[in-house]
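**Q** Could you look at this predicted model? Sequence included:
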Amino acid sequence: MKSMQIKVPRNLIKKFYLHPEPYGDGYYVVDLINGMYTDVFYREEGDFITITNDKELISYLKKNQMGPRDYFFRNGVYSFRHVADYDSITIDEWKDISPISVRC
């Protein structure tokens, strides 16, 4: 069986570990909630991806795929895909929160 790329939904990831090989930033080994382990990389679209040929892992991930998110976090900013009237309360609350800055 050939390897394939498949999304790993964030809600299935129990714990992140540093990847043992030096691929650079955004590569991790993850412990899934069902006890499986796989390596993943992070895409800017907000998805974790694994490249695998493990039939059991592929089947598990295909059965547990999530629908599209209503919002995503990129470059330190939350972005909504669409804004409804009830979102205005949350947006107004975010305006009042001041970020914590840490200087090294």
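**A** Looks like it came in fine.

**Q** residues contacting the spatially closest residue to residue 16 that is not a sequence neighbour?
**A** Closest residue to residue 16 in three dimensions, ignoring its sequence neighbours and counting by CB to CB, 6 or more residues apart in numbering: residue 28, at 4.8 Å. Glycine gets a C-beta too; all of them are placed from N, C-alpha and C. Counting by CB atoms under 8 Å, 6 or more residues apart in numbering, residue 28 touches 16-19, 39-42, 48.

**Q** same question, residue 56
**A** Residue 56 sits next to residue 36 when contact means CB under 8 Å, 6+ apart.

**Q** Could you check how far residue 4 is from residue 53?
**A** The gap separating residue 4 from residue 53 is 7 Å, by CB to CB, to the nearest Å.

**Q** Flag every buried residue along the helix or strand harbouring the residue nearest to residue 16.
**A** For residue 28, the element it lies in under DSSP states H and E is strand 27-32. Going by neighbour count (16 or more other CB atoms under 10 Å), the buried part of strand 27-32 is 28, 30, 32.

**Q** what's the closest of these to residue 97?
**A** Proximity of those to residue 97 (CB to CB) peaks at residue 28, which lies at 28.5 Å.

**Q** which one is residue 66 nearest to, not counting chain neighbours?
**A** That would be residue 9: by CB to CB, 6+ apart, it lies 4.6 Å from residue 66.
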